[in-house]
Every structure is written in structure tokens, then in C-alpha cells.
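> here is my input, please return the structure:
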Amino acid sequence: MEHEFTPVILTFLEKHFGEHAQDLFDKSPLLQYLNLKTVSATRGSKARSSFASLYAVYVLVEDYIEHSYHKKGDYSQYEGARFSKLFKRQRQLPFGSKLQNHALNHRMNQEFRKFFPQVDATPILRVVESRRYWINEKLLKISIGRRRFNLAEAVIEIIDAYVETKQKSFKGFIQTCDKLKRISRQNQKEVERFILDLLAPNVDARIFEIVSYAILKYFYHDRTVYFGFQLDQLEESPLRLYKTGRTNANDGGIDFVMRPLGRFFQVTETLDVRKYFLDIDKIERYPISFVIKSEDSIKALTTKLRQGAERQYAVKTIVDKYMKCIEEVINIPTLRDRFGVATEQGYLRDVINEIVRQSKVEFNYEDPDDDFD
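Below you'll find the model as predicted:
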């Protein structure tokens, strides 16, 4: 697979290995994996970035280089890198401050195996009891003829270049948001088009969650309910939607929560019912609304979920019990409609402000001149 970032990868290989660059690229499963994971480099901030998997490789290869195993020594005798050190390091990297441990522990290996089922070497090796980790050196050392090449330094430089490209892309995204924020009163249609473009199946999961939150927050903004313990003493309470934390966080399946109704929302891009029911089980089968990154109709999505449930559970009573826990399904067309309602109510500027605010928090973008008013 060749894409716009592939020549950048080859440039670094040529820098280190000269005429052997293409042969190494073709022969190395690890380089092929990096090539697959960097496909979004030039597709803008909205494309999936894959930092978790790349950083899992990065911190282990970096540790390998720090101990000079790319030059000398028997890596098989290395006691391994401590998990705490690796975890801390990946969170120090750009866009990495809220990464979880999943990629280091199993997801990167699972994904690699999916792409390269014929490759016996597992990229990340670990001993659970001692919490020690190694990069599989077999994937770093490639032989061409009688010569053997070590890819470690090139791997680091390739990932660094990809991250730098994504940083520039995201900076451009934020600058565009800021520009639209300033002109929102004069050119409403341009701002609307920009936000609607962010509601697409190929948009980065974090951006999609942020935009979904901003839209739903101001869709519900003017709605009120009445609460009280006596009919003649009811109080009017506005609906408020709160974001519970960073995207992709291990938060028990709750991305947004609405007060005072206590509604839970989970944003997802999968139709794997096991993931849905896991989220439902985490909150003891409390009703939850799913915001699904899909253009499919709500009826079609619900049908797919039920069919998946029936495949997993043979008992109708169990299927019905789980399906009743899905309070609402919100798809991309529904988000577009609710964005239209929020815009008609005069909240366009508030929506774009919220997108800017949450994006800067999510992607650790610091701007001393921030002004959201």
C-alpha cells in the first residue's frame, strides 16, 4: 500500500540505508505496519491518527536505543523496560497525555497480527508478573544478502516525522476554527458547512465526539423539565449536558451525562454488540443512549444491533433485556438535524466555541491568548 506519506518513510530509509531502502521497506513487516498506520498524515486533523499504537512501538524502540542495543550488546539478556517508565513516556509525547495502556498491553499486537497473520514475531513482548516489556528485536533486524540492518533509528525518525505532520495539521484545524469563530456573525453559512463536514464516518473519533457533544449540548440547552416532591411545588430545571472526560478514556462507557435527568450517552463507531453490552454491563444495565458515527438509518442500526444480540445470545429474554437498555440511537443524520435546530436558536457561535475549547483540551493545544467569548 502506497500513500502520500510513504515517500517520507522511504526518504528516512534512504538516509540510513542508501540503495537498500526499498528492499528493506518491502521486506520489513514493521515498516509496512508503520506505513499502514501513517496513512492519515496528509489527510488533515480530522483523519484517525493512530497515536496509541505508534507510541507503543516508539517508547520501546526508544528504550532499545537508549541502552545502545541498536549498536552493540545482547538484547535477549536485557531485563526489560518497566511499564511505568514506558507509560509515563508515551504520555509526554505530543497528543499522548491521556493515552491508556491498551496498546502497550495487547491492542498493538492484535492489530499487527490482523495485518500480518503470516508473521510469527509478536512486536511487543512482556512479562505480566514483573511488568517488564521488550520490542521484538527480530522485527528491527532485517537481513539483505549477507548484510544485516537495524531499523531502530529509522523507526523513531519516521514516527517523529508523522507526529510533526499531524501537529501542523491540527494547528491548521484550530486556526480555521478560530477564524470561523471570528467571522461567525458575518458568514454563518461557511461556519455551518465547516461543522457539517466534521460529521462524517471518516472523521477522527475524537473530533467526532467533540462535535457531537457541542451540538447536543446546545440542542438541549433551552429545554427544561419540572421537578419537585409535591405537585404545587415543582421547580423548572434546564437540561445541561456535561462531558465526563477525555475521549477514548476508560470511563465505564459514559461520554456525556445529562442533568437533571441522569441520561448517559456513549459515542461509538462500531456495531459490535459485545462493546455495547459491555458498556451497559459496566453501568449495571442502566439505560444509555448511543451516538453512532454512521450514516445508516436509526431503524437499520437498531436492526443490526438486535441481529448481533440474537447471534450472541440465543435466549429472547436476554436479548430484549439488553435492547431495552438502549434508550436512544443517535446517528449522523440526527446530529445534522439537531445542529440545524441549535443554529436556528442562535447557538452557532456557541457550538463553534465549544468545538475549539474541547479540541484544545483534548489535543493539549496551548494558546495563551485563548478567548472563548
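
> contacts only, for residue 256.
Going by CB atoms under 8 Å, 6 or more residues apart in numbering, residue 256 touches 213, 216, 241, 242, 243, 244, 264, 265, 267. Just so you know, the C-beta spots here come from the backbone N, C-alpha and C atoms, and that holds for glycine as well.

> ranges for the strands of this structure?
81-82, 124-127, 132-135, 141-144, 147-150, 224-227, 235-238, 240-243, 256-259, 263-268, 288-292, 326-330 (DSSP state E).

> will you turn those into TSV that also has mean pLDDT and distance to residue 53?
Shown next, in TSV, are these (pLDDT from 0 to 100; distance: least, CB to CB, whole Å):
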stretch	mean pLDDT	distance to residue 53
strand 81-82	96	17
strand 124-127	95	10
strand 132-135	97	13
strand 141-144	95	21
strand 147-150	95	21
strand 224-227	89	43
strand 235-238	90	42
strand 240-243	93	25
strand 256-259	93	26
strand 263-268	90	19
strand 288-292	91	23
strand 326-330	93	28
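
> can you give me the buried ones in stretch 343-360?
343, 347-356, 358-360 (16 or more other CB atoms under 10 Å).

> got the residues you listed as JSON lines, with distance to residue 17 and pLDDT columns?
What follows is the buried residues of stretch 343-360, written out as JSON lines (distance: CB to CB, whole Å; pLDDT from 0 to 100):
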{"residue": "343", "distance to residue 17": "54", "pLDDT": "93"}
{"residue": "347", "distance to residue 17": "55", "pLDDT": "93"}
{"residue": "348", "distance to residue 17": "53", "pLDDT": "91"}
{"residue": "349", "distance to residue 17": "53", "pLDDT": "89"}
{"residue": "350", "distance to residue 17": "53", "pLDDT": "92"}
{"residue": "351", "distance to residue 17": "49", "pLDDT": "93"}
{"residue": "352", "distance to residue 17": "47", "pLDDT": "90"}
{"residue": "353", "distance to residue 17": "49", "pLDDT": "90"}
{"residue": "354", "distance to residue 17": "48", "pLDDT": "92"}
{"residue": "355", "distance to residue 17": "43", "pLDDT": "90"}
{"residue": "356", "distance to residue 17": "43", "pLDDT": "87"}
{"residue": "358", "distance to residue 17": "43", "pLDDT": "87"}
{"residue": "359", "distance to residue 17": "39", "pLDDT": "83"}
{"residue": "360", "distance to residue 17": "40", "pLDDT": "79"}
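
> pretty sure residue 134 is touching residue 82, no?
No: with contact defined as CB atoms under 8 Å, residue 134 does not reach residue 82; the gap is 11.5 Å.

> how much space between residue 362 and residue 243?
10 Å (CB to CB, to the nearest Å).

> how about residue 25?
42 Å.

> cool, and residue 129?
For residue 129, the distance to residue 243 - CB to CB - is 37 Å.

> neighbour count: the two, which is higher?
residue 243 (21 against 6; other CB atoms under 10 Å).

> mind listing what the more buried one touches?
Residue 243 neighbours (CB under 8 Å, 6+ apart): 213, 255, 256, 358.

> can you add distance to residue 230 and give those residues back as CSV?
CSV is the format used below for these (distance: CB to CB, whole Å):
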residue, distance to residue 230
213, 35
255, 35
256, 31
358, 39
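
> residues in contact with the helix-or-strand element of the chain with minimal mean pLDDT?
Ranked by mean pLDDT, DSSP states H and E, the weakest helix or strand in the chain is helix 273-282, scoring a mean of 74. Residues from elsewhere that reach helix 273-282 (CB under 8 Å, 6+ apart): 252-253, 266, 268, 286, 288, 290, 305, 308-309, 311-312, 322, 325-326.

> list buried residues within those residues.
Looks like the contacts of helix 273-282 have 253, 266, 268, 288, 290, 305, 308, 309, 322, 325, 326 buried, using 16+ other CB under 10 Å.

> out of those residues, which is nearest to residue 35?
Checking those against residue 35 with CB to CB, the nearest one is residue 268 at 27.6 Å.

> quick check: that closest one touching residue 293?
Yes: with contacts counted by CB under 8 Å, residue 268 reaches residue 293, the gap being 7.1 Å.

> next one: residue 130 from residue 108, what distance?
Applying CB to CB to residue 130 and residue 108 gives a distance of 20 Å.

> just the helices in the stretch 201-350 of the chain please.
In the stretch 201-350 of the chain, the helices defined using DSSP state H, counting those that start in this stretch lie at 205-219, 273-282, 298-312, 316-324, 332-344, 348-362.

> hey, least reliable of the ones you listed by pLDDT?
Lowest mean pLDDT within the helices of the stretch 201-350 of the chain: helix 273-282, at a mean of 74.

> chain center to it, what's the gap?
19 Å (CA atoms, centre = their mean, to the nearest Å).

> and stretch 227-242, by the same measure?
The answer for stretch 227-242 is 36 Å, by CA atoms, centre = their mean.

> can you check stretch 256-268 too?
With CA atoms, centre = their mean as the basis, the mean position of stretch 256-268 lies at 20 Å from the chain mean.

> tell me the buried residues in that stretch?
256, 258, 263, 264, 265, 266, 267, 268.

> repeat that for stretch 120-138.
123, 124, 126, 132, 133, 134, 135, 136, 137.
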